[in-house]
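**Q** pasting the structure only:
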């Protein structure tokens, strides 16, 4: 069976590869390109990552937070390990089903995509 992998990862909010250890109040969107090992193709998925401190200071009423990971502090290695565990859970022999499963955790670029007939 093929293996899923993160091909690329970035955030417009912070440099996630040089994230300062002393920042404990943040909310950022991370976009990941996820595809199968040995293949160049990948689909884009987004996830919001916010700190518990940011939640305490900014959320004062009930809020639905789909596609969100809550952490006390952001450590890239821990984040990647968590994502890789999700990738393992979502893997299926059917590639479309694999991507659909990932869309339960992350905002998929093709979510709700409908092909138009010409």
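**A** Alright, I've got the coordinates. Values in this document were obtained by computation on a predicted structure and should not be read as measured data. Numbers count the residues shown, from 1 in each chain.
**Q** number of residues surrounding residue 19?
**A** Counted with other CB atoms under 10 Å, the burial measure for residue 19 works out to 17 neighbours. C-betas here are computed from N, CA, C, even on glycine.
**Q** how near is it to residue 39?
**A** Distance, residue 19 to residue 39, using CB to CB, to the nearest Å: 29 Å.
**Q** next: residue 76.
**A** Shown here: residue 76 relative to residue 39, a distance of 24 Å by CB to CB.
**Q** could you do residue 54 as well?
**A** Noted for residue 54: a distance of 36 Å to residue 39, by CB to CB.
**Q** so for the two, which residue has more residues nearby?
**A** Set side by side, residue 54 and residue 39 show unequal neighbour counts under other CB under 10 Å, the larger going to residue 54 at 17 against 11.
**Q** ok, now which ones touch that one?
**A** The contact partners of residue 54, taken as CB atoms under 8 Å, 6 or more residues apart in numbering, are 25-27.
**Q** again, only using 10 Å
**A** For residue 54, the contacting residues are 24-28, 70-71, by CB atoms under 10 Å, 6 or more residues apart in numbering.
**Q** which PyMOL command selects the buried ones in those?
**A** Only the buried entries of the contacts of residue 54 go into this PyMOL selection, using 16 or more other CB atoms under 10 Å:
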select buried, resi 26+28+71
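**Q** cross the contacts of residue 54 against strands and list the overlap.
**A** 27-28, 70-71 (DSSP state E).
**Q** which pair of those residues spans the longest distance?
**A** Spatial extent of the ones in strands among the contacts of residue 54 (CB to CB) is set by the pair 28 and 70 at 12.2 Å.
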